[in-house]
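> Next comes the sequence, and after it the predicted model I'd like to discuss.
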Amino acid sequence: MKKKRRLLRSDTFWGLTAALLVLLQFWWLPGEDGSAADSYSTTVDGKLGLYRTLSQLFPRVDRDALLVVPEERACLVLTSPDRYPNDQEQSQLYEFVYSGGTLVFAPNWDDPECEMRLLGIHTTKRIWTDSTTVTPTTPLVVSTTPAGDAKMPAESPKPGEIEKTLDETEASDKNQISSPEEMLQKKTPGLTPAPGLDPSQEEIEEFSTPGEIVNASSDLVDGSVEWNSSADLEVPSYLATETLVTSTSDRVEVATWPMGNGRVVACSSPDIFSNRSMLYRDSRRLAVRLVERGYLHGRDNYSQNTPIVLSEYFNASDSYAQTGVLFSPSLRIGTLQLVLVAVLGIWLSFYRFGPAEEVSTLQRRSLTESAQAVGNLQYRLNDGGAVIRSYLEYIRSQLRRRYGSSVRLDQVESLANRAGMDVDEVRTRLTEAQTLAETAQLSPDKTASSLRWLASFQSRLTGNRDEKAT
């Protein structure tokens with residue numbers, strides 16, 4: 001006869017848990033919380049357009065989300081970080097710049113107040129001179145495939161080649177673009193407006209941080225550039241600073257200063273590096289020029305094929321802090337495998353294999369513990385009459401066992417003579433005990449007094465005359 005197998009509820013739970021852990025190793029359900037302003041983002045605040053534009057103009061453009069600073073001399077672009085560097089990370093940035101690296105920095109749009117004393121960078125919340133204006137933005141969709149004519153330079157660009165490349169990119173459509181809408185479609189490869197999405201000005205103002213739009217000028221580009229910023233840049237007075245971009249209100253929007261063998265390029269706004277700015281010719285040229293100024297901060301470093309590194313460390317590292325690092329992309333699979341082994345081990349412990357174990361030792365309760373347990377139960381019930389009634393039945397059974405039917409509990413004279421006690425006392429006490437036995441909710445003190453006398457009386461009936469009934 002074939003035995004029918006039945007799946008237990010615990011087996012279902014542990015089996016589904018193990019299957020879920022295996023599934024999570026291939027498909028992480030929570031997904032990745034990417035920044036809306038990093039170099040992977042296709043939003044208007046993202047930097048994907050900057051990354052692709054720089055990749056066409058410079059020989060080596062990398063992203064780095066694992067290290068605070070590159071291991072080699074480089075031009076580090078840190079724009080709109082989700083969090084600002086702490087004291088230890090600022091020390092690493094200072095050593096990187098002092099040793100010959102370059103830092104291009106722009107604060108976070110929603111958190112414009114930043115101070116890095118070691119680097120001389122200080123930005124505060126902008127106080128608008130005129131009316132506050134929110135930049136109108138158009139939702140973007142960035143294609144994931146690079147443009148067909150985009151080629152990575154094989155070697156470092158020579159002086160003037162970046163200007164020539166930008167001019168050639170714009171020469172073909174210089175006389176054909178007549179409006180910003182056409183410019184959105186033409187300029188950055190792979191970056192086009194999303195069809196069918198046209199947010200209203202009210203929606204933009206509700207979900208955007210206000211910023212001031214001013215005209216800015218720079219020696220790096222011809223003409224003026226529309227500059228949108230929510231922060232003010234405080235230029236350090238103790239350093240040999242050079243102003244790169246100024247607004248019409250004589251505010252310094254971008255400044256640079258040397259530090260050791262390196263250089264710092266500080267901007268008041270990350271908007272110039274955003275996908276939206278990459279769609280416009282003037283703002284795109286200025287963004288490239290600012291990065292180029294950091295890249296070519298010294299002719300001695302120009303021939304060293306210095307890479308440009310877009311830092312993503314401060315956008316990704318804060319998402320996996322403390323114990324959360326166990327579920328970071330680099331350690332997640334190993335953590336899930338350890339949890340899976342633990343689940344299988346717990347599941348296995350639910351079952352025992354082999355013959356049944358024989359229990360050789362039996363623990364028995366003593367009579368004293370049993371009496372205490374019964375007494376505690378009776379005390380909680382507050383029903384002493386039942387206890388007295390049971391003890392009277394016990395005395396009757398002992399009399400029948402010892403003397404047969406010739407001696408009964410109602411024969412007071414005979415019982416008094418056998419116990420050596422006064423007849424009136426025995427009659428009074430037995431009558432009182434029988435009355436209490438029929439009483440409900442008897443108090444514990446009366447119950448104890450009656451039981452104490454009955455126990456002494458029973459002891460004297462058995463021949464023990466050492467105790468006197470009380």
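That came through, no problem. Numbers count the residues shown, from 1 in each chain.

> Next, the contact list for residue 409, please.
392, 395-396, 399, 415, 430 (Cβ atoms under 8 Å, 6 or more residues apart in numbering). The C-beta positions use only the backbone N, C-alpha and C, and glycine is treated the same way.

> Go again with 7 Å.
Listed by Cβ atoms under 7 Å, 6 or more residues apart in numbering, the contact set of residue 409 reads 395-396, 399, 430.

> Also residue 38?
Residue 38 is in contact with 46-47, 312, 315, counting by Cβ under 7 Å, 6+ apart.

> from the contacts of residue 409, which two are the most distant?
Spanning the widest gap among the contacts of residue 409 are 399 and 430, at 12.3 Å by Cβ to Cβ.

> now the strands: where do they sit in this structure?
61-64, 75-79, 102-106, 114-116, 121-125, 140-142, 191-193, 212-218, 224-229, 231-233, 242-247, 252-259, 262-267, 308-311 (DSSP state E).

> With mean neighbour count, mean pLDDT and distance to residue 462 as added columns, please give the ones you listed in a markdown table.
Listed next are the strands of the chain as a markdown table, based on neighbours: other Cβ atoms under 10 Å; pLDDT from 0 to 100; distance: least, Cβ to Cβ, whole Å:
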| stretch | mean neighbour count | mean pLDDT | distance to residue 462 |
| --- | --- | --- | --- |
| strand 61-64 | 17 | 90 | 97 |
| strand 75-79 | 26 | 93 | 99 |
| strand 102-106 | 27 | 93 | 102 |
| strand 114-116 | 17 | 92 | 97 |
| strand 121-125 | 19 | 92 | 99 |
| strand 140-142 | 20 | 42 | 103 |
| strand 191-193 | 18 | 45 | 108 |
| strand 212-218 | 20 | 88 | 108 |
| strand 224-229 | 22 | 89 | 106 |
| strand 231-233 | 23 | 91 | 102 |
| strand 242-247 | 19 | 91 | 114 |
| strand 252-259 | 20 | 92 | 107 |
| strand 262-267 | 25 | 93 | 106 |
| strand 308-311 | 24 | 92 | 97 |
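
> Turn those into CSV, columns for distance to residue 447.
Listed next are the strands of the chain as CSV, based on distance: least, Cβ to Cβ, whole Å:
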stretch, distance to residue 447
strand 61-64, 85
strand 75-79, 85
strand 102-106, 88
strand 114-116, 82
strand 121-125, 82
strand 140-142, 89
strand 191-193, 93
strand 212-218, 91
strand 224-229, 90
strand 231-233, 86
strand 242-247, 98
strand 252-259, 94
strand 262-267, 91
strand 308-311, 84
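
> Which among those strands is found nearest to residue 276?
Among the strands of the chain, strand 140-142 sits nearest to residue 276 (Cβ to Cβ), with 7.4 Å.

> could you point out the longest helix in the protein?
Criterion DSSP state H: the longest helix present in the chain is helix 384-403.

> List the contacts of that one.
378, 407-409, 433-434, 436-440, 442-444, 446-447, 450-451, 454, 458.

> Stretch 8-23 too?
336, 339-340, 343-344, 347, 350.

> If we use 6 Å, what do you get?
When contacts are defined by Cβ atoms under 6 Å, 6 or more residues apart in numbering, stretch 8-23 is touched by residues 336, 339-340, 343, 347.

> what bridges to the closest residue to residue 97 other than its chain neighbours?
What sits nearest to residue 97 in space, not counting adjacent residues and going by Cβ to Cβ, 6 or more residues apart in numbering, is residue 262, at 3.8 Å. Counting by DSSP bridges, residue 262 forms beta bridges with residue 259.

> returning to what we had before: just so I know, which of the strands of the chain lies nearest residue 87?
When the strands of the chain are compared (using Cβ to Cβ), the closest one is strand 114-116, at 9.6 Å.

> what sits up against the closest one?
For strand 114-116, contacts defined as Cβ under 6 Å, 6+ apart pick out 84, 90, 107, 122-123.

> one more time with 7 Å
Outside strand 114-116, the residues touching it (Cβ under 7 Å, 6+ apart) are 84-85, 90, 107, 121-123.

> Turn those residues into CSV, including distance to residue 40.
Below are these laid out as CSV (distance: Cβ to Cβ, whole Å):
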residue, distance to residue 40
84, 20
85, 21
90, 25
107, 20
121, 25
122, 29
123, 25
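
> ok, these vs residue 280, which is closest?
residue 107 (21.5 Å).

> Return the per-residue confidence for that closest one.
Looking at residue 107, its pLDDT stands at 93.

> Who are the contact partners of it?
In this structure, residue 107 makes contact with 114, 123, 231, 270, judged by Cβ under 7 Å, 6+ apart.

> and if you look at residue 92?
68-69.

> cutoff 8 Å now
68-69, 85.

> quick revisit: in JSON lines: the contacts of residue 409, plus distance to residue 243.
What follows is these, written out as JSON lines (distance: Cβ to Cβ, whole Å):
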{"residue": "395", "distance to residue 243": "113"}
{"residue": "396", "distance to residue 243": "116"}
{"residue": "399", "distance to residue 243": "119"}
{"residue": "430", "distance to residue 243": "116"}
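
> Could you tell me which of these count as buried?
By neighbour count, with 16 or more other Cβ atoms under 10 Å, the contacts of residue 409 hold 395, 399, 430 as buried.

> hang on, isn't the last one packed against residue 413?
No - counting by Cβ atoms under 8 Å, residue 430 does not reach residue 413; the two are 11.9 Å apart.
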